[in-house]
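In: sequence isn't available, so here's the structure alone:
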Ligand SMILES: NC(=O)C1=CN([C@@H]2O[C@H](COP(=O)(O)OP(=O)(O)OC[C@H]3O[C@@H](n4cnc5c(N)ncnc54)[C@H](O)[C@@H]3O)[C@@H](O)[C@H]2O)[C@H](O)CC1
Ligand SMILES: [K+]
């Protein structure tokens with residue numbers, strides 16, 4: 001599913017008319033019908049359309065036009081519709097126009113009795129700050145929503161006043177329960193503060209030919225897309241079929257990371273997991289991770305070339321290598337990483353394990369000048385905003401604002417990596433600038449060890465032959481899906497998840513993609 005900017009959306013509309021004769025009237029009619037269908041589909045099981053009291057706030061442009069088409073569909077199905085035309089200051093209650101002198105009073109009544117209020121005031125055409133009387137209208141709706149939690153607010157295309165490119169909002173904008181966006185999600189939905197105003201996101205089909213969208217470079221990750229990326233599991237297979245993962249992770253203060261990453265690689269289906277660890281650490285892993293195999297490395301005070309060689313000597317036949325989680329940042333460890341990278345660069349593409357670098361792997365690299373020139377082709381790196389800041393030599397990187405997007409795009413191209421920039425809506429960019437953004441986020445994931453799980457999942461997909469950008473994309477989507485499953489199955493809210501709770505839910509999240517709604 002493509003994500004668009006305002007100008008990309010306008011261009012799609014223009015080309016639809018020019019190349020396919022799809023005039024804006026046709027598109028609006030499709031938009032209104034599709035919004036009505038999605039609205040009705042999501043009413044169940046709590047509400048039914050017959051007798052439902054729905055107040056539409058209608059703006060002066062095509063967004064208002066979409067609202068009017070939607071309203072007429074709902075009315076035909078038995079909903080009780082009132083329309084408030086903001087610009088004309090006109091109120092129509094179930095087909096009857098109110099006289100001008102009673103509009104305010106009746107509007108107040110309509111707001112108080114509505115089951116649903118639909119925001120069809122402004123969409124992508126908003127060009128200036130909201131006028132005071134529109135802000136006042138939205139404030140009345142917001143107050144009513146605060147008073148009555150069962151009042152539902154639904155935006156058509158986008159919440160009025162939200163900047164669809166940047167996610168900035170007008171002071172008058174209000175948070176919706178649902179946004180039914182038309183044709184494509186808008187870029188601004190994925191960045192704060194806008195992200196908090198969208199509510200549940202639904203995407204209505206307005207009948208744009210798929211060919212029109214072929215130029216678009218930015219996608220929203222969806223379950224249906226991830227389902228197609230998952231590796232096949234033929235019956236005629238053995239553990240060799242699904243690839244081996246080597247992990248250079250974990251050190252004395254952070255032993256859990258190798259366990260979490262390795263288990264996660266196995267949970268997405270990799271055939272064999274090997275932890276490269278020192279003998280001192282072996283007993284810890286052997287007792288907690290029965291399925292792992294081990295490569296024994298010299299202790300951390302040994303010469304770096306001996307440590308690197310012990311790993312390099314065992315790498316043959318591995319399809320994926322994960323470097324970083326819990327590894328520590330001693331200069332000796334940095335030298336080990338450099339020697340391993342040098343070895344990987346010397347291998348031909350066909351035999352080189354795919355590389356993922358996370359956490360301390362990145363922190364070690366960021367201490368070096370032009371570190372990206374040391375990476376083998378098609379490396380996946382997975383910084384959180386702090387690590388990204390260090391990789392960019394001190395740039396402040398936001399966890400959720402729009403500047404992240406441009407930075408991620410610029411750096412993925414400059415560094416020629418598959419960049420996964422973590423955040424509330426994680427961004428992925430490949431070396432050519434192709435971009436994918438994860439809509440789903442889960443605040444319960446903001447806890448130690450969940451990054452190790454993500455890095456492990458990517459490595460597990462790489463071992464099974466999934467291409468690096470796709471492996472990272474699938475892992476990001478499934479990581480939040482697994483967190484949502486933890487929330488549901490353990491009945492926990494936004495806090496209290498342990499990274500290890502994700503592990504048994506990862507395979508379930510894979511299965512669930514087969515039934516994903518989008
Ligand atoms: N792009 C498509 O393919 C389709 C879009 N559809 C819908 O149309 C809107 C965009 O419509 P547009 O008429 O361009 O813009 P708006 O309805 O958002 O508003 C324009 C209207 O409002 C006035 N205006 C602008 N800013 C303000 C302001 N701050 N205060 C008051 N008034 C303002 C402006 O002068 C115009 O009169 C899109 O979001 C979709 O909902 C269709 O669905 C078809 C396909
Ligand atoms: K709107």
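Out: Ah, there it is. Fair warning: this is a prediction, and the values are worked out from it, not measured in the lab. Ligands and ions are numbered 1, 2, ... in the order given.
In: so what are the domain limits for this protein?
Out: With domains defined by automatic domain parsing, the chain comprises 6-216, 224-228+242-512.
In: ligand 1: which of those is closest?
Out: Judged by Cβ to the nearest ligand atom, the one of the domains of the chain that comes nearest to ligand 1 is domain 6-216, at 1.9 Å. From N, CA and C alone the C-beta is placed, and that goes for glycine too.
In: could you measure from residue 381 over to residue 338?
Out: Per Cβ to Cβ, to the nearest Å, residue 381 is found 16 Å from residue 338.
In: so where does the closest residue to ligand 2 within the stretch 351-500 of the chain fall, helix or strand?
Out: With Cβ to the ion, the shortest gap between the stretch 351-500 of the chain and ligand 2 falls at residue 439, namely 18.8 Å. Using DSSP states H and E, residue 439 maps to neither a helix nor a strand.
In: that one reaches residue 187, doesn't it?
Out: No: at 11.8 Å, residue 439 does not count as touching residue 187 under the criterion of Cβ atoms under 8 Å.
In: name the residue in the two with the higher neighbour count.
Out: Shown here are residue 439 and residue 187; by other Cβ atoms under 10 Å, residue 187 has more neighbours (25 against 20).
In: how near is the more buried one to residue 95?
Out: Counting by Cβ to Cβ, the gap from residue 187 to residue 95 is 39 Å.
In: check residue 232 too.
Out: For residue 232, the distance to residue 95 - Cβ to Cβ - is 57 Å.
In: and for residue 275?
Out: To residue 95, residue 275 is 71 Å away according to Cβ to Cβ.
In: higher neighbour count, these two?
Out: With neighbours defined as other Cβ under 10 Å, residue 275 and residue 95 compare such that residue 275 has more, 25 against 9.
In: ok, now which ones touch the more buried one?
Out: Going by Cβ atoms under 8 Å, 6 or more residues apart in numbering, residue 275 touches 247, 249-250, 258, 262, 285, 289, 292-295.
In: switch to 6 Å and redo it
Out: The contact partners of residue 275, by Cβ atoms under 6 Å, 6 or more residues apart in numbering, come to 247, 258, 262, 285, 292, 294.
In: if you count what's nearby, which of residue 381 and residue 338 comes out ahead?
Out: It is residue 381, of residue 381 and residue 338, that has more neighbours when counted by other Cβ under 10 Å, with 27 against 17.
In: for residue 188, which non-adjacent residue is closest in space?
Out: residue 167 (4.1 Å; Cβ to Cβ, 6 or more residues apart in numbering).
In: if we can go back for a sec, just the contacts of residue 275: which are in helices?
Out: Residues of the contacts of residue 275 located in helices (DSSP state H): 258, 262, 285.
In: mind checking pLDDT for the last one?
Out: The model reports residue 285 with a pLDDT of 92.
In: number of nearby residues for it?
Out: Neighbours around residue 285, by other Cβ under 10 Å: 19.
In: thinking again about what came up before, which one of the ones in helices among the contacts of residue 275 is nearest to residue 124?
Out: residue 262 (46.3 Å; Cβ to Cβ).
In: give me the residues contacting the helix or strand harbouring residue 455.
Out: Per DSSP H and E, residue 455 falls inside helix 450-463. Identification of contacts with helix 450-463 by Cβ under 6 Å, 6+ apart yields 243, 245, 257, 260-261, 264-265, 268, 270, 319-320, 322, 325, 354, 356, 358, 380, 382, 471-472, 474-475, 479, 499, 502.
In: can you list the buried residues in it?
Out: Using 16 or more other Cβ atoms under 10 Å as the test for burial, helix 450-463 gives 450-463.
In: show me where the stretch 201-350 of the chain has strands.
Out: 218-220, 244-248, 272-278, 293-297, 320-323 (DSSP state E, counting those that start in this stretch).
In: show me what the first one is packed against.
Out: Looking back up the chat, that one is strand 218-220. For strand 218-220, the packing partners by 3 or more Cβ pairs under 6 Å, 6 or more residues apart in numbering; DSSP states H and E come out as strand 435-437.
In: quick one: residue 428 and residue 438 touch, right?
Out: No: applying Cβ atoms under 6 Å as the test, residue 428 and residue 438 come out as separate, 7.9 Å apart.
In: looking at these two, which has the bigger crowd around it?
Out: Neighbour comparison, residue 428 and residue 438: the larger count goes to residue 428, with 26 against 22 (by other Cβ under 10 Å).
In: and that one, what is it in contact with?
Out: 420, 436, 472-473.
In: dump these to a markdown table, plus neighbour count, distance to ligand 1 and secondary structure.
Out: Below are the contacts of residue 428 laid out as a markdown table (neighbours: other Cβ atoms under 10 Å; distance: Cβ to the nearest ligand atom, whole Å; DSSP: H, G, I helix; E, B strand; the rest coil):
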| residue | neighbour count | distance to ligand 1 | secondary structure |
| --- | --- | --- | --- |
| 420 | 28 | 31 | strand |
| 436 | 24 | 23 | strand |
| 472 | 29 | 31 | helix |
| 473 | 27 | 27 | helix |
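In: and the most centrally placed residue in the chain, how far from residue 27?
Out: With distances taken as Cα atoms, centre = their mean, the residue of the chain nearest its centroid is residue 438 (1.0 Å). Separation of residue 438 from residue 27 (Cβ to Cβ): 28 Å.
In: ditto for residue 182
Out: Note on residue 182: its distance to residue 27, by Cβ to Cβ, is 8 Å.
In: joint contacts of the two?
Out: residue 206.
In: who's more crowded, those two?
Out: residue 182 (28 against 22).
In: compare the contacts of residue 275 and tell me which has the most neighbours.
Out: residue 247 (32 neighbours).
In: I'd assumed residue 321 was in contact with that one.
Out: No: in this structure residue 247 lies outside contact range of residue 321 using Cβ under 6 Å: 7.7 Å.
In: ok, for residue 268, nearest residue in space, not its chain neighbours?
Out: Nearest one to residue 268, counting by Cβ to Cβ, 6+ apart, is residue 460 at 3.8 Å.
In: repeat for residue 263
Out: Closest residue to residue 263 apart from its sequence neighbours, by Cβ to Cβ, 6+ apart: residue 503 at 5.2 Å.
In: OK, contacts around residue 172?
Out: Counting by Cβ under 6 Å, 6+ apart, residue 172 makes contact with 130, 135, 138, 161.
In: what is the burial count for the first one?
Out: Pointing back at residue 130 there. Neighbours of residue 130 (other Cβ under 10 Å): 20.
In: my guess is it meets residue 170, correct?
Out: Yes: the criterion here is Cβ under 6 Å, and residue 130 meets it with residue 170 at 4.7 Å.
In: overlap of the contact sets of the two?
Out: Contacts common to residue 130 and residue 170, judged by Cβ under 6 Å, 6+ apart, are residue 161.
In: check contacts around the residue nearest to residue 395 when sequence neighbours are not counted.
Out: In this structure, residue 395 finds its nearest non-sequential neighbour in residue 389, 5.5 Å apart by Cβ to Cβ, 6+ apart. By Cβ under 6 Å, 6+ apart, residue 389 lies in contact with 395-397.
In: same thing with residue 210?
Out: Neighbouring residues of residue 210 by Cβ under 6 Å, 6+ apart: there are none.
In: what does the model give it for pLDDT?
Out: According to the model, residue 210 scores 94 on pLDDT.
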